[in-house]
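Participant: Got a sequence here, can you build the structure:
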Amino acid sequence: QVQLVESGGGLVQAGGSLRLSCAASGRTFSNYAVGWFRQAPDKEREFVAAISSVAQNTDYADSVKGRFTISRDNAKNTVYLQMNSLKRDDTAVYYCAARPWGVARMTANYAYWGQGTQVTVSS
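Facilitator: Residues are numbered from 1 along each chain as shown. Here you go, the predicted model:
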């Protein structure tokens, strides 16, 4: 089992920045890839970014490429999502999820999920 807890969400103006954290506990965190997903009201959960177990690979949705950066510190069992140049369309609940080893974009590929953190971008 891997337990995940997200933090760092909040209210920010368009153009601003936030850094989300995903803290993990349980099994050896360095064996797991982590993905960030988001879900806006009345929309399906969508892929945002992912990082492989030892950070050699990253993947980003086109909508966030160049604005968001995913990173991890395995010594702290934490994955980060730095979000810059935020837009109103980024408003959603953001979830982190874990799976063994490699990155993936589909929610069904991830076995462990956090409870989510709300990000609200105002104009």
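Participant: Tell me the bridge partners for the most centrally placed residue in the chain.
Facilitator: In the chain, the centroid-proximal residue (CA atoms, centre = their mean) is W36; its distance is 2.4 Å. W36 has these beta-bridge partners by DSSP bridges: A49, C96.
Participant: Report pLDDT for it.
Facilitator: W36 carries a pLDDT value of 98.
Participant: what's the spacing between it and E6?
Facilitator: 9 Å (CB to CB, to the nearest Å). (Glycine included, C-beta is placed from N, CA and C.)
Participant: residues shared between the contacts of those two?
Facilitator: Common contacts of W36 and E6, defined by CB atoms under 8 Å, 6 or more residues apart in numbering, comprise L20, C22, Y94, Y95, C96.
Participant: Quick check: phi and psi on K87?
Facilitator: Backbone torsions of K87, given as degrees, to the nearest 10, read phi -120, psi 160.
Participant: Who are the contact partners of it?
Facilitator: K87 makes contacts with A14, V121, as judged by CB under 8 Å, 6+ apart.
Participant: do M83 as well
Facilitator: By CB under 8 Å, 6+ apart, the contact set of M83 is S17, L18, R19, L20, V64, R67, F68, D90, V119.
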